[in-house]
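J.: Have a look at this prediction, sequence included:
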Amino acid sequence: MSCISLKRLTFMFVIACVVWCSSIGTYIARKGNYRKGRSKWNPPHKTTPKPKAPTHSIPPPSIGLKSLTCDALEPRAFQDAWSDACKVERSTVLVPPKFTFLVGPVSFSGANCQPNIVFQLDGIIIAPTDFQCWGNGSLPWLEFTYLRGGVTVQGKGILDGRGSRWWKDDGKEPKIPLNTSFQQIPPIQVIYLLQFPPTPKDRNEFSGNMPRKKPTGITIRNSPQFHLKFNHCKRVVVHVMTADSPGDSPNTDGIHLHNSQDVLIHSSNLSCGDDCIYIQSGSTNVSIFNVSCGPGHGISIGGLGRNYISKACVSNITFRNIVMHNTTNGARIKTWQGGRGSVQGVVFSNIQVSQVVRPIVINQFYCGEKHKTECRNQTAAVALSGITFEKIRGTYKDKAVDIACSDNVPCRGITLSAIELTPAPNERPRTDDTFCWQAFVEFTAPMVPPIGCLKTEKLLNNKAQSNRDVC
């Protein structure tokens, strides 16, 4: 990324020099002619600078926060500011500091927006916990969608989902009132900020083409579920972001990518109760570096292939310079039995783990805890190839390496290089600290602990990739 910026900077500098030198040359020539009386020199015409793009500030809360009922919601002020900003390119919507806004469902649509709108979050936005504020339950909280001209979400503000109210649900007996027309809880943070999960028939309503999103410096805390989700997005940049929810908060993924391409995530701190970064089908060209993860479930690709109908396709994913502490997994790829599609071109590099239960995981037999009834032995599987784990160092609590690949669709082109993992304090080494099944693996020293279960490709039945796995 820095190389691209440097090239652009150099190019701009060269152009500036050419224009400047050309102007000086013309001035000297004309000045000489003027002295000879052949022509009169006129000073260059001054160009009028472009007017500064306007800023539309959200007014202070009109009701205040003494009563956190649905009557105190402030969606209209946000919608009006957004509507005004959309009229002028590079306009800013300002959520001012020193104020806390109780905001219910509101959608920021860019279908009629000028390009490069800025959403400057310097204040605090909190979500309502009264289920009556959410209509039929499928309404989004803060939704950014159809922003074809790009949007930048930045600032030093806070989004507080106040998720503890929703975490009480144990998945079987909801402990909060529910609208009977809506069967999924709790509200989910998707499409950039917080949002309820859509019902199946409305699922596509919460998708959109949202290029060049750049949330910077924002803290999202106490998420009811996902902190930040990108769905059908391109050219996404996330940096200097903090996700902050307790380690025991259910389903609170940090950053969720689904059907998104050309994504850069860096310089962020993610603490949650599920995967710090969760990559789903349709994601490609993703680079993630300088990220701190923990507590949480680590960084994951998948689970993929659950519905057995559409192909699960993920490619060209790089995780680099990641620090993980007190997570259940480190670098993980998980797929359901019976799926189809492929995962290829994945690199986990220079990852430091501390008291991580299982630092290196490939699991083609994944089955979520809440979906045990769906799980059965099947021969089909999402194909995995070109997976590299390198420079993985630190301490583990259970298994250093846990690779379980499909009997019928084994993992191919797996590389383990410079693995140095030792038991965490008060943990004793065991004979089953590593596990490997049906994987073609190539490895280079150092390799700690020893991984004796790895197989070379010639020892396994070489099966060509089927059409059901080609993406």
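T.: Happy to help now that I have it.
J.: Any stretches of the protein with poor pLDDT?
T.: Scanning the chain for pLDDT under 70 picks out 1-51, 62-69, 71-72, 136-140, 169-216, 369-374, 453-466.
J.: Output the longest strand belonging to it.
T.: strand 341-356 (DSSP state E).
J.: list the helices and strands it packs on?
T.: strand 299-304, strand 312-325, strand 329-336, strand 358-366, strand 383-396 (3 or more CB pairs under 8 Å, 6 or more residues apart in numbering; DSSP states H and E). Yep, even glycine has a C-beta here, placed from its N, CA and C like the rest.
J.: With just CA atoms, put the first one into PDB.
T.: Written as PDB, here are the backbone C-alpha positions of strand 299-304 (Å, rounded to 0.1, in the frame of the first residue of the first chain):
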ATOM      1  CA  ILE A 299      -8.900 -15.200  13.200                       C
ATOM      2  CA  SER A 300     -11.000 -17.500  11.000                       C
ATOM      3  CA  ILE A 301     -11.900 -18.300   7.500                       C
ATOM      4  CA  GLY A 302     -15.400 -19.900   7.500                       C
ATOM      5  CA  GLY A 303     -17.300 -22.000   8.400                       C
ATOM      6  CA  LEU A 304     -17.900 -22.500   4.700                       C
END
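J.: could you dump stretch 429-447 to PDB, C-alpha only?
T.: What follows is stretch 429-447, C-alpha atoms only, in PDB (Å, rounded to 0.1, in the frame of the first residue of the first chain):
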ATOM      1  CA  PRO A 429       3.600 -31.200  27.100                       C
ATOM      2  CA  ARG A 430       1.500 -34.200  25.900                       C
ATOM      3  CA  THR A 431       1.900 -36.800  23.300                       C
ATOM      4  CA  ASP A 432      -1.200 -35.500  21.400                       C
ATOM      5  CA  ASP A 433      -0.100 -31.900  21.200                       C
ATOM      6  CA  THR A 434      -0.300 -32.100  17.400                       C
ATOM      7  CA  PHE A 435      -2.800 -33.800  15.100                       C
ATOM      8  CA  CYS A 436      -2.800 -34.100  11.300                       C
ATOM      9  CA  TRP A 437      -5.200 -36.100   9.100                       C
ATOM     10  CA  GLN A 438      -5.400 -36.300   5.300                       C
ATOM     11  CA  ALA A 439      -3.200 -33.400   4.400                       C
ATOM     12  CA  PHE A 440      -0.400 -32.900   2.000                       C
ATOM     13  CA  VAL A 441       2.100 -30.900   4.000                       C
ATOM     14  CA  GLU A 442       5.500 -29.400   3.400                       C
ATOM     15  CA  PHE A 443       7.400 -28.000   6.300                       C
ATOM     16  CA  THR A 444      10.700 -26.500   7.200                       C
ATOM     17  CA  ALA A 445      12.600 -26.100  10.400                       C
ATOM     18  CA  PRO A 446      12.300 -25.000  13.100                       C
ATOM     19  CA  MET A 447       9.200 -27.200  13.900                       C
END
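J.: Spell out which residues make up each domain of the protein.
T.: 1-44, 54-171+184-274, 300-471 (automatic domain parsing).
J.: Residue 294: which of those domains is closest?
T.: Of all these, it is domain 300-471 that lies closest to residue 294, at 3.8 Å by CB to CB.
J.: in the stretch 151-300 of the chain, which spans are strands?
T.: 151-154, 158-160, 219-221, 228-231, 234-239, 242-244, 255-258, 261-271, 277-279, 284-293, 299-304 (DSSP state E, counting those that start in this stretch).
J.: Can you add distance to residue 293 and mean neighbour count and give the domains of the chain back as TSV?
T.: Below are the domains of the chain laid out as TSV (distance: least, CB to CB, whole Å; neighbours: other CB atoms under 10 Å):
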stretch	distance to residue 293	mean neighbour count
domain 1-44	21	10
domain 54-171+184-274	5	20
domain 300-471	5	18
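J.: Could you dump the ones you listed into TSV and include distance to residue 291?
T.: Formatted as TSV, the domains of the chain follow (distance: least, CB to CB, whole Å):
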stretch	distance to residue 291
domain 1-44	15
domain 54-171+184-274	5
domain 300-471	5
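J.: one step back: now could you export just the CA positions of the longest strand of the chain as PDB?
T.: What follows is strand 341-356, C-alpha atoms only, in PDB (Å, rounded to 0.1, in the frame of the first residue of the first chain):
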ATOM      1  CA  GLY A 341     -16.200 -24.600  -3.500                       C
ATOM      2  CA  SER A 342     -12.600 -23.900  -2.600                       C
ATOM      3  CA  VAL A 343     -10.300 -21.900  -0.300                       C
ATOM      4  CA  GLN A 344      -6.900 -21.200  -1.900                       C
ATOM      5  CA  GLY A 345      -4.000 -18.800  -1.600                       C
ATOM      6  CA  VAL A 346      -4.100 -18.100   2.200                       C
ATOM      7  CA  VAL A 347      -1.100 -17.000   4.200                       C
ATOM      8  CA  PHE A 348      -0.800 -16.700   8.000                       C
ATOM      9  CA  SER A 349       2.500 -15.100   8.700                       C
ATOM     10  CA  ASN A 350       4.400 -13.700  11.700                       C
ATOM     11  CA  ILE A 351       1.700 -14.400  14.300                       C
ATOM     12  CA  GLN A 352       2.500 -14.200  18.000                       C
ATOM     13  CA  VAL A 353       0.200 -16.200  20.300                       C
ATOM     14  CA  SER A 354       0.000 -16.200  24.100                       C
ATOM     15  CA  GLN A 355      -2.000 -18.800  26.000                       C
ATOM     16  CA  VAL A 356      -4.000 -19.700  22.900                       C
END
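J.: Could you check the angle it makes with strand 383-396?
T.: 0 degrees (axes from the mean of the first three to the mean of the last three CA atoms, to 10 degrees).
J.: Strand 341-356: partners in the sheet, and parallel or antiparallel?
T.: strand 312-325 (parallel), strand 383-396 (parallel) (DSSP bridges).
J.: The closest residue in space to residue 366 that isn't next to it in sequence: what's it in contact with?
T.: In this structure, residue 366 finds its nearest non-sequential neighbour in residue 334, 3.9 Å apart by CB to CB, 6 or more residues apart in numbering. By CB atoms under 8 Å, 6 or more residues apart in numbering, the contact list for residue 334 reads 300-304, 361-364, 366.
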